[in-house]
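# 3D, please:
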Amino acid sequence: MAEYELNAEAVRHLRELIDARQYVLDSDWGETQPDATAQNDYLEKHTWEQYAAWHLGLTVGATDGTKARYAFVAGDFRRVHRTALIACVYRASEWRHKDVELAAHDLLQQLDRVSS
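Numbers count the residues shown, from 1 in each chain. Okay, here's the model as predicted:
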């Protein structure tokens, strides 16, 4: 099982997006999450740092600047998705990645406060 570190820059970026009301409250994350084509399209126009800012987890031992390095995506590269945060909480808690789980939970709570 992979080990992950919390990506503090992603947490900061996602908080800013939530505060700016750049979010989707109801989506089918299984259908909406960026697939390989969407990821490649994004990387053609953006830096690896910008790509990383959408991922709450950093894979320990993976090289920066590779897709393998980044995990727990929380949006569609434009907006944060509430269902993505729920998926991050679930996946991180299932595999006991506590820092990622708690960060995703805190972001979900922030989104719910801002959107109510």
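# and residue 24, what does it touch?
32, 76, 79, 80, 81, 82, 83 (C-beta atoms under 8 Å, 6 or more residues apart in numbering). Placement of C-beta: from N, CA and C, glycine included.
# Can you mark which positions in the longest helix seen in the chain are buried?
When the chain is parsed with DSSP state H, its longest helix is helix 98-115. Along helix 98-115, these residues count as buried under the neighbour rule (16 or more other C-beta atoms under 10 Å): 99, 100, 101, 103, 104, 105, 107, 108, 110, 111.
# and if you look at stretch 51-67?
51, 52, 53, 54, 55, 56, 57, 58, 59.
# rewinding a little: could you export the contacts of residue 24 as JSON lines, including pLDDT and distance to residue 2?
Below are these laid out as JSON lines (pLDDT from 0 to 100; distance: C-beta to C-beta, whole Å):
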{"residue": "32", "pLDDT": "96", "distance to residue 2": "24"}
{"residue": "76", "pLDDT": "98", "distance to residue 2": "23"}
{"residue": "79", "pLDDT": "98", "distance to residue 2": "27"}
{"residue": "80", "pLDDT": "98", "distance to residue 2": "23"}
{"residue": "81", "pLDDT": "98", "distance to residue 2": "23"}
{"residue": "82", "pLDDT": "98", "distance to residue 2": "25"}
{"residue": "83", "pLDDT": "98", "distance to residue 2": "23"}
